[in-house]
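Here is a sequence together with a model predicted from it:
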Amino acid sequence: MEGIEELLKSEKRVKWLFTGDSITHGVLYTFGSRDYVQLFEERLRFELARPLDLVIRTAVSGWTVPQVLNNIEWNILQFKPDVVSIMLGMNDADRVSPTDFAQGYRKILDILKENGDPRVLLHTPNPIVPGHNKVRDENLPSVVEEIRKIGAERGIHVVDHWAEWQSFERIFPWMGDTIHPNAQGHMAFARRLFKDLGIWDEESAVCRYFVY
């Protein structure tokens, strides 16, 4: 996080790229409200007075690690980002083993290191409402552990939404369906991200968004 915090304090114009699946894409389940990427952009470019920073989103609904890998030149590398934020695993948990997920995830990070070596933020996905998909129910906790393990072994910060959400007794108010966060869930994502980045401020209009 030290390098990212330095970027936030510098006069350098920074390109922030967010990639992932439907959750980072912000589709449908916010029902017209802002998602966590949009909240981050408002906090960064207006409230923190960094209007020349760019916030680029290349997440695609339904995507998994292999699809990010197959499109990495178009979706990430062409932009030469300074910071890459990755939230994957929700769909992978339904389609591949946690071991295969981790292998592909590491390959994404290897490619990034070989192409500009941007600062990286890893995100764990949110917990889900159990009972909708048996395979995802069983694999998702292991996928989360793989993300944490990869972050630890590579010295990359993990924004651990999974841990924060599990600390609450009820996640239902934060969900748009059994998988996707609603507007409140995205506010919770933004809050965790802001706190991890050291840009949380109770006086901020964005930070004062109500999360119950």
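Arrived safely, thanks for sending.

Please name the residues that touch the closest residue to A190 other than its chain neighbours.
Distances taken as C-beta to C-beta, 6 or more residues apart in numbering place L39 nearest to A190, at 4.0 Å, with adjacent residues excluded. For glycine as for every other residue, the C-beta is placed from the backbone atoms N, C-alpha and C. Applying C-beta atoms under 8 Å, 6 or more residues apart in numbering to L39 gives the contacts 186-187, 190, 206, 209.

Now name the helix or strand holding L39.
Per DSSP states H and E, L39 falls inside helix 36-41.

for the spatially most central residue of the chain, phi and psi?
Residue closest to the mean C-alpha point of the chain, counted by C-alpha atoms, centre = their mean, is M87 at 3.7 Å. Dihedral angles of M87 (phi, psi; degrees, to the nearest 10) stand at phi -130, psi 100.

ditto for the one 3 residues further on
Note on M90: backbone dihedrals following degrees, to the nearest 10 are phi -60, psi -50.

what's the pLDDT at it?
pLDDT for M90: 97.

correct me, but it touches I179?
Yes. Between M90 and I179 there is a contact under C-beta atoms under 8 Å: 6.5 Å.

any common contacting residues for these two?
Going by C-beta under 8 Å, 6+ apart, residues that sit against M90 and also against I179 are 128, 136.

so where's the chain uncertain?
Applying pLDDT under 70 to the chain flags residues 210-212.
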